[in-house]
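[1] everything below, folded, please.
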Amino acid sequence: MSPYPDDLTAMKDDMIAFIEGQGMRRFFGFVEAEEIPSILWESGPNPDGWKDFVELAKSSGAPFLTMHSWALDREELDRLTQRLTDGEYTAEEDLEEARWLKTYIGKTGFVQLGWAYQGCVFVYEAGAEWYDHYQRLRELADEVGGFMIDEPDQDEER
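    Numbering: from 1, shown residues only. Got it, this is the predicted structure:
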């Protein structure tokens, strides 16, 4: 169970105000934590742990934090649902889950803060519980949408 609410918009707004209140700037970007040396902040069940993260960034001398947020968009959810519908191996439960996600359209489901220090990026991430469902369905759609069944390879056509 996620310690975060279904809509992280208020948290994002609080982050912006807190960061600016610390005299720091924001750089709008996403840290690909899997591709660079990074350390993920663990705040446990404390939904305000990001404040400690920002204060640590400031005390380390970081002049700015990276900031990224993601809200569910109707067109994106429609594309995902269509990809799942067109997929060969999609279960009805997965399609029902995609329809259930419509209740979260327009809501912020994910926020990320980051700052670099001595060759490593420190990252704070918060996600609503429904965002995990969305990510799982996206991965499923990529898997079922990625199969090319009986498609001739371009080299075979020559």
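[2] burial check on G114, number of neighbours?
    27 (other Cβ atoms under 10 Å). Glycine gets a C-beta too; all of them are placed from N, C-alpha and C.
[3] check the secondary structure at it for me.
    Following DSSP: H, G, I helix; E, B strand; the rest coil, G114 is assigned to strand.
[4] that one bridge partners, please.
    T66, V123 (DSSP bridges).
[5] surely V144 meets T85?
    No. Assessed by Cβ atoms under 8 Å, V144 is found out of contact with T85, at 10.1 Å.
[6] if you count surrounding residues, which of those two has more?
    Shown here are V144 and T85; by other Cβ under 10 Å, V144 has more neighbours (16 against 12).
[7] and the one helix or strand the more buried one maps to, C-alpha only, in CSV?
    If you go by DSSP states H and E, V144 is part of helix 129-145. Extracted C-alpha coordinates of helix 129-145, given in CSV (Å, rounded to 0.1, in the frame of the first residue of the first chain):
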residue,chain,number,x,y,z
GLU,A,129,-0.5,3.2,-6.2
TRP,A,130,-2.4,3.4,-9.5
TYR,A,131,0.8,4.6,-11.2
ASP,A,132,2.3,1.1,-10.6
HIS,A,133,-0.7,-0.5,-12.3
TYR,A,134,-0.3,1.9,-15.2
GLN,A,135,3.4,1.0,-15.5
ARG,A,136,2.7,-2.7,-15.4
LEU,A,137,0.1,-2.3,-18.2
ARG,A,138,2.6,-0.3,-20.3
GLU,A,139,5.2,-3.0,-19.9
LEU,A,140,2.6,-5.6,-20.9
ALA,A,141,1.5,-3.6,-23.9
ASP,A,142,5.2,-3.3,-25.0
GLU,A,143,5.6,-7.1,-24.7
VAL,A,144,2.4,-8.0,-26.6
GLY,A,145,2.7,-5.2,-29.1
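[8] can you pull the buried residues of that helix?
    Neighbour-count burial for helix 129-145, counted by 16 or more other Cβ atoms under 10 Å, picks out W130, Y131, H133, Y134, L137, L140, A141, V144, G145.
[9] what's next to it, contact-wise?
    Helix 129-145 has contacts (Cβ atoms under 8 Å, 6 or more residues apart in numbering) with 1-2, 4, 6, 70, 72, 80, 83-84, 86-90, 94, 97-98, 100-101, 104, 109-110.
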